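Q: quick one, fold the following:
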Amino acid sequence: QVQLVESGGGLVQPGGSLRLSCAASGFTLGNYAIGWFRQAPGKEREGISCIRSSDGSTYYADSVKGRFTISLDNAKNTMYLQMNSLKPEDTAVYYCATDSFRDFCDHGMDTWGKGTLVTVSS
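A: From the prediction side, this is the model:
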């Protein structure tokens, strides 16, 4: 069964850090683009980070650039999102996603996790 499972969300104070994990099963993660998205309450889902398989290039949304880092551990078939200097506006459900034949990230990716909630609050 092809699936992605996120973990690592939770409650953190402003300025704190969290590392989200996204474990893949049933397929090899990283053959095509992998990405992280988030959806805050009352807002549309936004793409925040992506790695393209072809050249390893990374993308970060301006809202997280310099604070978040995406990575892939091929041995563990798991991708990560290291989140530092968290702000209240980072509160959202975070989703990982990949695609079975396209090497770019967008909302049309064909494999998604169910999400993990990150709450940044004092």
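
Q: number of residues surrounding Phe101?
A: Counted with other CB atoms under 10 Å, the neighbours of Phe101 add up to 7. Placement of C-beta: from N, CA and C, glycine included.

Q: these two touch, right, it and Tyr32?
A: Yes: in this structure, Phe101 is within contact of Tyr32 by CB atoms under 8 Å, at 6.4 Å.

Q: now Val118: how far from Ile70?
A: 15 Å (CB to CB, to the nearest Å).

Q: report the buried residues of stretch 6-23.
A: Neighbour-count burial for stretch 6-23 flags 6, 8-9, 12, 18, 20-23 (criterion: 16 or more other CB atoms under 10 Å).

Q: relative to Asp110, which of these is nearest.
A: Relative to Asp110, the closest of the buried residues of stretch 6-23 is Cys22; by CB to CB it sits at 15.1 Å.

Q: ok so, going back, just flag the most distant two among the buried residues of stretch 6-23.
A: Val12 and Ala23 (21.0 Å).

Q: mind listing what's buried along stretch 84-94?
A: So stretch 84-94, judged by 16+ other CB under 10 Å, has buried residues 86, 90-94.

Q: looking at the residues you listed, which are in strands?
A: Of these, the ones assigned to strands by DSSP state E are 92-94.

Q: dump the residues you listed to JSON lines, plus pLDDT.
A: Listed next are these as JSON lines, based on pLDDT from 0 to 100:
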{"residue": "Ala92", "pLDDT": "98"}
{"residue": "Val93", "pLDDT": "98"}
{"residue": "Tyr94", "pLDDT": "98"}
